[in-house]
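Colleague: kindly return the folded structure for what I paste below:
(2 chains)
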Amino acid sequence: MPNVLPSFQRYQQDFCAHLRDPIKQPRPKNVPIERMAVYKEVVFNNLFESVSACFPVAQKVLGKRAWLKLTKHFFCEHSATSPIFREIPEEFLAFLSTQADLSVYLTDLCHYEWIELLVSLMKTSTRENDIDKAGDLLKCPLAFTPTMQLLEYNYPVQKISARYQPKEKVKTQLLVYRNAEDAVKFIELNPVTHRLIGLLQQSVMTGEQALTIIAKELHQGSSEKTLQFGLVILEQLKSQGVILGTKILC
Amino acid sequence: MRAIAHQKSSIHGVGLGLKRELIPQIQAVYADNSIANINFVEIAPENWIDVGGKAEKQLDWFVERYPIVCHGLCLSIGGLAPLNTTFLQQVKKFLQQNNISLYTEHLSYSTDAYKGQQGYLYDLLPIPFTEEAVHYVAARIRQTQDILGQRIAVENASFYVKAPISTMDELTFIKAVLTEADCLLHLDINNIYVNSVNFGFDPHAFLRGIPSERIVYAHIAGHYQQTPNLLIDTHGENVIDPVWAMLEEAYQLFGTFPTCLERDNNIPPLNLLMHEVNKITAIQNRYLGTHHA
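Modeller: Residues are numbered from 1 along each chain as shown, chains lettered A, B, ... in the order given. Below is the predicted model of the structure:
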């Protein structure tokens, strides 16, 4: 395959291979070592900064040396497919998913840290006219903010820090969204609320229908109690700006 | 409306690279005389395509008030993998949506074909200056122009390694590409200077050899001196005197053209950055009406 390429492209290929993996891939012939060093430093540092800016907690948890090693490995191994700079952290997540020997919670933690970036810059189009802000939260399908991310992790990612690193799995449900002031907000959910939002998000089910299903799942005798409990939650989500109102089609 | 839209899209005078740190500062003193010499701002499409939230509102704020130039970083004109036409369509839409008339890119590459797949390295790497590379690069510029339905300007890039396989010098390469691609030139004054030190040539002779009829736009910036014969194009320092002198020389030779101050690192407060913006305006004023209108 290399022989079909014109010489300038063979050179480019060698040049980049050495940038990515200076130990295994030789420096192109007759290229001065100190000049090549400029590219090695500049290109890696640039990428390192773009990745590190998104994962402050993961970086601290791993420690400087391990983080450097991991990002170098990323630079060496991963073919990034997006030219958009804010998608570099997503490229890093794709790389992490191919790595077997990471701390068990690291992938979850990095995903959680990336969600903040995703939500803060996510482009949305909400058609105000399609939403009834005063609609009945139990009787109509609900309109959620389009930035809402309903998440479930195997570890309590929101609690991880250099001082706290989980040893055991704990199913953790979270909701991340951008409010009307463009601030990213995080809410810890219990499993029932997570299930409720999940049901409402992916179908045209009304709050009442979803809560009836949940009452059955929980083997609650009366669904009346569940409905009351559910309404409180839905009203709270609305006051937080997670629920914008009801869909006008109702 | 149409006439205004046209006016807004026309780039003239002096511009400033729009870094995130500068956004609130410009917004705070907008319409103030102290920043009157900022005639346009420059952005990288790779930072702004399809952004939402606060960033989208900031972009809209600037689009309403300033003409905008798009200066790309990841098109990878000289890259190994096929041109990313999906990305180019995104750029096209972005230019149209924001009424941006000028899109420029680097005469360099930012991708490899690692493991047989296009891989972005997110930086500007040097294209070897060979005949084959001229044809390859020119064809990709033409392809870009066909997709966008407009001419683009390519920028002379700074570099640190001269490919041992090169068969021509940088100026010959640039001229050959411009002619074969029939594209415009984005002249980076600092890059001429940086390369002249890094590779030991006369920057003034280089400047005089530039096909001036293709210049539509210029950059000026500071750099970092790592050793006496190695300059790094950091955009993190003030512009040095020899580079100012070359900007003046360029205006003298070719007439003025819209010129953007790039400051990407170690960014001083806006009021200090304005010293350099104002200096470009002052130099331009000395040569207004000569050659190019």
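
Colleague: walk me through the domains of chain A.
Modeller: A:2-102, A:128-247 (automatic domain parsing).

Colleague: would a markdown table of the ones you listed with mean pLDDT and distance to chain B be doable?
Modeller: All C-beta atoms are positioned from the backbone trio N, CA, C, and that covers glycine. As requested, those are arranged in a markdown table below (pLDDT from 0 to 100; distance: least, CB to the nearest CB, whole Å):
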| stretch | mean pLDDT | distance to chain B |
| --- | --- | --- |
| domain A:2-102 | 95 | 3 |
| domain A:128-247 | 93 | 4 |
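
Colleague: of all those, which lies closest to B:Gln118?
Modeller: Closest to B:Gln118 of those, according to CB to CB: domain A:2-102, at 6.6 Å.

Colleague: for that closest one, the distance to its chain's centre please.
Modeller: 22 Å (CA atoms, centre = their mean, to the nearest Å).

Colleague: residue 163: neighbouring residues, count only.
Modeller: In the absence of a named chain, this looks at chain A. Burial measure for A:Arg163: 8 neighbouring residues, criterion other CB atoms under 10 Å in any protein chain shown.

Colleague: please go with chain B instead
Modeller: 21.

Colleague: helix or strand for the closest residue to B:Gln89 other than its chain neighbours, which one?
Modeller: If the residues on either side of it in the chain are set aside, B:Gln89 comes closest to B:Ile147, at 7.1 Å by CB to CB, 6 or more residues apart in numbering or on different chains. Per DSSP states H and E, B:Ile147 falls inside helix B:131-148.

Colleague: pull out the buried residues from that helix.
Modeller: Buried residues in helix B:131-148, counted by 16 or more other CB atoms under 10 Å in any protein chain shown: B:Ala133, B:Val134, B:Tyr136, B:Val137, B:Ala138, B:Arg140, B:Ile141, B:Arg142, B:Gln143, B:Thr144, B:Gln145, B:Leu148.

Colleague: quick check, B:Tyr122 in a helix?
Modeller: No: with DSSP: H, G, I helix; E, B strand; the rest coil as the criterion, B:Tyr122 is strand rather than part of a helix.

Colleague: contact partners for it?
Modeller: Neighbour list for B:Tyr122: A:Val43, A:Asn46, A:Leu47, A:Ser50, A:Ala80, A:Phe85, A:Ile88, B:Leu73, B:Cys74, B:Ser110 [criterion: CB atoms under 8 Å, 6 or more residues apart in numbering or on different chains].

Colleague: closest one to B:Glu237 out of the residues you listed, please.
Modeller: A:Asn46 (17.7 Å).

Colleague: does the helix or strand where B:Ala55 lies come close to chain A?
Modeller: Element membership for B:Ala55 (DSSP H and E) is helix B:53-65. Yes: using CB under 8 Å from any CB of the partner chain as the criterion, contacts between helix B:53-65 and chain A involve B:Gly53, B:Lys54, B:Ala55, B:Glu56, B:Lys57.

Colleague: could you export that helix as PDB, CA atoms only?
Modeller: The C-alpha atoms that make up helix B:53-65 are tabulated as PDB, following Å, rounded to 0.1, in the frame of the first residue of the first chain:
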ATOM      1  CA  GLY B  53     -26.500  28.000  24.400                       C
ATOM      2  CA  LYS B  54     -24.500  30.900  25.600                       C
ATOM      3  CA  ALA B  55     -21.900  30.600  22.800                       C
ATOM      4  CA  GLU B  56     -24.700  30.700  20.100                       C
ATOM      5  CA  LYS B  57     -26.000  33.900  21.600                       C
ATOM      6  CA  GLN B  58     -22.500  35.400  21.600                       C
ATOM      7  CA  LEU B  59     -22.000  34.500  18.000                       C
ATOM      8  CA  ASP B  60     -25.400  36.100  17.100                       C
ATOM      9  CA  TRP B  61     -24.400  39.200  19.000                       C
ATOM     10  CA  PHE B  62     -21.200  39.600  16.900                       C
ATOM     11  CA  VAL B  63     -22.900  38.600  13.600                       C
ATOM     12  CA  GLU B  64     -25.400  41.500  14.200                       C
ATOM     13  CA  ARG B  65     -22.700  44.000  14.800                       C
END
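
Colleague: rounded mean pLDDT for that helix, please.
Modeller: Averaging pLDDT along helix B:53-65 gives 97.

Colleague: neighbouring contacts of that helix?
Modeller: Under CB under 8 Å, 6+ apart, the answer for helix B:53-65 is A:120-123, A:147, A:178, A:182, B:18, B:23, B:27, B:30, B:41, B:43, B:48, B:51, B:68, B:98-99.

Colleague: may I see the buried residues of it?
Modeller: B:Gly53, B:Lys54, B:Ala55, B:Glu56, B:Gln58, B:Leu59, B:Phe62, B:Val63.

Colleague: for the residues of helix B:53-65 next to chain A, which one is nearest B:Asn190?
Modeller: The closest of those, once distances to B:Asn190 are taken by CB to CB, is B:Ala55, at 27.9 Å.

Colleague: how near is that closest one to B:Ile23?
Modeller: Distance, B:Ala55 to B:Ile23, using CB to CB, to the nearest Å: 9 Å.

Colleague: same check on A:Ala80?
Modeller: Going from A:Ala80 to B:Ile23 by CB to CB gives 27 Å.

Colleague: neighbour count: those two, which is higher?
Modeller: The neighbour comparison of A:Ala80 against B:Ile23 (other CB under 10 Å) goes to A:Ala80, with 24 against 17.
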